[in-house]
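Participant: Okay, here's the prediction I keep looking at, along with the sequence it came from:
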Amino acid sequence: MKRITKIPAFTLTELLVVLTISSLVIGLAYALLAIFNKNLLNIENNYARTTNHRLFEEQINIDFNSYGELWYSQKEKRMIFRSPIDSITYRFEDEVIFRSTDTIYPSNSKLNLYYLGTEVSSGRVDAIKFWTDPEKDQYFFVSKRNDVSELLDYGN
């Protein structure tokens, strides 16, 4: 008589339990990966926005210190930087700011203008307070030194 020997293997119930547990683990891993990916995207967007703010601040700071005269027209929403050699124009639109033909900064911002420490709405300007996010009270302030000829012109 022949003896029947069993082959060592898993039962169907054991396989179903393993499949259930592994599908739960894979589902949780996929959910965690989706949350991690969303957080990385938010970090990337914040970094891009902050970089945009800083680049705009640097560019306008360079222009403030490179040009002698600065005028702002409230009617046209234009800021004009002039020197004897060159000039540059910033145009403040609803969604963007243009520096000559370059798009500088997607904006939903606020601009305060100053001349000799007094807030002005248009005309000659020597400092600006640019609100990058008025709701969060985030802004930067840029000013330039006035030369003596400007101060003499102001007295007349």
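Facilitator: Yep, that arrived. Residues are numbered from 1 along each chain as shown.
Participant: element containing the spatially most central residue of the chain?
Facilitator: With distances taken as CA atoms, centre = their mean, the residue of the chain nearest its centroid is Arg49 (2.1 Å). Assigned by DSSP states H and E, Arg49 belongs to helix 12-66.
Participant: helices and strands around that helix, which ones?
Facilitator: strand 78-82, strand 87-92, strand 96-99, strand 102-106, strand 127-133, strand 138-143 (3 or more CB pairs under 8 Å, 6 or more residues apart in numbering; DSSP states H and E). C-beta here means a position set from N, CA and C on the backbone, and glycine is covered the same way.
Participant: Compare those and give me the one nearest Leu113.
Facilitator: strand 127-133 (5.7 Å; CB to CB).
Participant: and that closest one, which residues are buried?
Facilitator: Buried residues in strand 127-133, counted by 16 or more other CB atoms under 10 Å: 127-128, 130-132.
Participant: Do I have it right that Leu116 meets Gly123?
Facilitator: No - under the criterion of CB atoms under 8 Å, Leu116 is not in contact with Gly123, lying 11.3 Å apart.
Participant: thinking again about what came up before, averaging pLDDT over each of the helices and strands packed on helix 12-66, report the lowest-scoring one.
Facilitator: Of all the helices and strands packed on helix 12-66, mean pLDDT reaches its minimum on strand 102-106 (a mean of 73).
Participant: what's the spacing between the nearest residue to Phe141 once chain neighbours are set aside and Ile60?
Facilitator: Leaving aside its sequence neighbours, Phe141 sits nearest to Lys129 (CB to CB, 6 or more residues apart in numbering; 5.0 Å). According to CB to CB, to the nearest Å, Lys129 and Ile60 sit 12 Å apart.
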